[in-house]
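*Asks:* Let's see this in three dimensions:
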Amino acid sequence: MTSESLNVLALLLLQSGLTVRILEKESQFHIGERGAGLHPRTLELYKFLGILPAVLSQSATSPRNLKYFSSPEDGKPPRYAPFFEPLDDTPSKPMINDRMLGQDRHEKLLRDRIFDDYGVKIELGAELHSFEQHPGGIVARVFKTTDTGKVEEVATADWLVGADGARSTVRKQIGLSFLGESVSEMASVTGDICILEGSLTQEHPDGLTIWRVFSSGAAMWMRPCLVPGKNLFSFYIQCASETKAVEISSSRQALIERIHELTGRNDIEFGELVWMGVWRPNIRMVDKFGSGRVFVAGDAAHVHSPNGAQGMNSGVQDSFNLAWKLALVQKGLAPKSILGSYSDERLPVIASILNETTQLFRKEFAVKSGPQPEGQTQTTMFRGFELRQFGINYRGSSLTLDEVFGDKNERVDSYRSGDDGTVRAGDRAPDAPGLTRLSSDNPDTQAVAIFELLNTFQHTALIFPGSSGDKFSTDMLECLREYPSNAVKTLVLLPESSTSFSAKSAAVLVDTKGYAYTHYGVSWDTPMVVIVRPDGYIGALVTSGKNGIRQYFSGIFS
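*Replies:* Residues are numbered from 1 along each chain as shown. Predicted coordinates for the structure are as follows:
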């Protein structure tokens with residue numbers, strides 16, 4: 001099954017000038033909201049990808065609070081608690097809050113962009129049966145469903161990436177382990193259903209409604225999907241056994257009867273059942289993200305509890321991490337060895353995320369032990385700041401150079417350390433608005449932000465000369481011209497008081513608000529070059545000048 005991570009990977013590779021084929025085993029695209037939470041870090045990456053305006057126009061704000069019924073029989077009014085604290089955007093984090101966009105609409109948005117911009121269609125009914133690796137590429141057997149039956153095709157490719165779900169054919173055929181656990185004593189029924197106007201649609205439009213019945217070990221939440229023109233709700237019913245989950249999911253009528261039972265309300269009237277299925281907790285990850293010319297991403301590499309909405313967002317980051325490296329190798333600009341950093345960088349991140357989501361899962365669904373104490377709702381359901389994924393980092397990676405902090409042996413939390421108040425190599429690159437262009441030929445001084453200047457197919461070298469004058473910038477520009485212009489772009493960021501610059505061959509901007517120097521931790525008297533990777537993470541903090549630039553790029557380019 002195709003996924004957001006695979007579609008994002010395809011779009012990234014296409015933007016880099018590569019060609020792709022996208023195969024989908026199923027004969028039609030799946031429907032339903034499923035994983036709908038878009039975290040701020042994903043929104044930032046989508047800005048670099050160029051699809052953020054479309055995402056924002058089709059998505060809605062994330063639920064802010066929850067309405068909580070401890071039991072329909074006790075007659076007590078519902079309790080309310082915050083679910084996700086809404087925060088004000090900041091200059092360094094201009095998209096600090098989550099958005100909601102159903103998986104089916106999310107994937108369609110990506111598919112449309114791939115087709116509209118590059119003319120590439122996902123090939124439905126195309127099943128990867130087997131493949132062989134050779135020194136020069138991949139030879140695969142693909143079974144394609146046609147009107148007259150299945151037709152076998154022998155397909156060739158330079159690389160193969162599987163984002164084909166938890167039962168991944170690609171992962172199994174390259175022999176990757178998929179270690180973890182399945183929680184056999186628990187199962188849930190999930191899906192989307194329309195609710196008729198007036199019965200529940202206006203009661204809690206900005207959050208989750210939760211019902212729990214401790215005597216039976218059951219719980220349910222419902223969330224408005226905010227699909228224009230539809231009173232569509234997602235539901236999630238926790239069951240005491242898999243047998244019960246199968247029973248509830250056997251028919252629309254059985255589902256509705258269970259919802260009426262759990263809510264204690266018979267006034268909720270239902271319309272179309274869009275989809276429904278049984279979900280079984282499965283928490284696993286690979287021991288590495290690829291072998292040779294074959295890689296895995298998304299659910300093929302790691303499956304999560306849905307608690308915290310980390311799985312889909314993590315799969316998108318898999319694709320951003322892999323795409324720029326694969327593009328450089330394919331173009332002959334980087335050695336194949338650079339692809340080993342995909343596993344090295346993503347494994348500790350995913351391990352940390354799985355630990356976080358598993359803790360949330362066990363905390364939130366341990367309902368058999370009895371009712372929660374008063375006030376406990378907030379601590380079990382509240383979403384902490386780390387879930388926004390700003391703290392994900394690659395500190396200590398072989399592809400980073402940090403001449404400011406430097407210690408690659410420092411203990412690092414790959415999930416949180418990137419938001420500890422410092423800015424280090426391997427961290428998310430912060431935004432900085434208020435940059436005005438310095439050009440005698442162009443009177444336009446409209447301000448831009450760093451996020452508007454980054455892209456997904458070039459490293460961006462930010463030259464901060466500070467008080468050193470033009471010589472530092474001129475020397476750094478000369479050094480950076482040693483690297484392919486289609487792979488490295490340069491920007492000179494002058495302090496806010498600057499009015500002139502002698503070099504004419506670079507984009508020069510003035511940090512009129514001081515945000516860039518502040519957010520990147522640059523001192524006035526210590527000139528620095530910050531190199532931002534195509535995936536929006538800082539590759540290098542360089543204070544030694546040409547030597548540092550050459551040292552960093554020696555690990556990137558052939």
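*Asks:* Please count neighbours and contacts with C-alpha atoms only from this point.
*Replies:* Will do.
*Asks:* Kindly indicate whether residue 236 is helix, strand or coil.
*Replies:* Here residue 236 is recorded as strand under DSSP: H, G, I helix; E, B strand; the rest coil.
*Asks:* these two touch, right, it and residue 188?
*Replies:* Yes: with contact defined as Cα atoms under 8 Å, residue 236 reaches residue 188; the gap is 6.7 Å.
*Asks:* Between the two, point out the one with more neighbours.
*Replies:* The residue with more neighbours, out of residue 236 and residue 188 and counting by other Cα atoms under 10 Å, is residue 188; that gives 24 against 20.
*Asks:* Got phi/psi on that one?
*Replies:* When quoted as degrees, to the nearest 10, the phi and psi of residue 188 stand at phi -140, psi 160.
*Asks:* now residue 428
*Replies:* The phi and psi torsions at residue 428 (degrees, to the nearest 10) take the values phi -60, psi 130.
*Asks:* ok, now how distant is it from residue 469?
*Replies:* Using Cα to Cα, to the nearest Å, residue 428 is found at 28 Å from residue 469.
*Asks:* Show me which of those two is the more surrounded one.
*Replies:* More neighbours sit around residue 428 than around the other of residue 428 and residue 469, counting by other Cα under 10 Å; the figures are 24 against 14.
*Asks:* Was I right to think residue 353 contacts residue 416?
*Replies:* No: when contacts are counted by Cα under 8 Å, residue 353 is not listed as touching residue 416 (9.8 Å).
*Asks:* Residue 137: how many residues sit nearby?
*Replies:* Using other Cα under 10 Å, residue 137 has 16 neighbouring residues.
*Asks:* For the residue lying closest to it once chain neighbours are set aside, list the residues it contacts.
*Replies:* The spatial neighbour of residue 137 that comes closest, neighbours along the chain excluded (Cα to Cα, 6 or more residues apart in numbering), is residue 158 at 4.2 Å. The neighbours of residue 158, taking Cα atoms under 8 Å, 6 or more residues apart in numbering as the test, are 136-138, 293.
*Asks:* Let me see the backbone angles for residue 158.
*Replies:* Main-chain dihedrals, residue 158, degrees, to the nearest 10: phi -80, psi -30.
*Asks:* Relative to residue 135, how far out is it?
*Replies:* Look at residue 158 and residue 135: by Cα to Cα, they are 9 Å apart.
*Asks:* Residue for residue, what is the longest helix the chain has?
*Replies:* With DSSP state H applied, the helix covering the greatest number of residues in the chain is identified as helix 340-364.
*Asks:* follow-up on the earlier one: nearest to residue 94, out of the contacts of residue 158: which one, please.
*Replies:* Top of the list for closeness to residue 94, among the contacts of residue 158 and by Cα to Cα, is residue 293 at 37.3 Å.
*Asks:* pretty sure the closest one contacts residue 136?
*Replies:* No: applying Cα under 8 Å, one finds residue 293 not in contact with residue 136, separated by 9.0 Å.
*Asks:* Specify which residue of the two has the higher count of neighbours.
*Replies:* Counting neighbours by other Cα under 10 Å for residue 293 and for residue 136 shows that residue 293 has the greater number, 19 against 10.
*Asks:* tell me, how many neighbours does the nearest residue to the more buried one once chain neighbours are set aside end up with?
*Replies:* Once flanking residues are discounted, residue 293 sits nearest to residue 159: 5.2 Å by Cα to Cα, 6+ apart. Burial of residue 159 is recorded as 17 neighbouring residues (other Cα under 10 Å).
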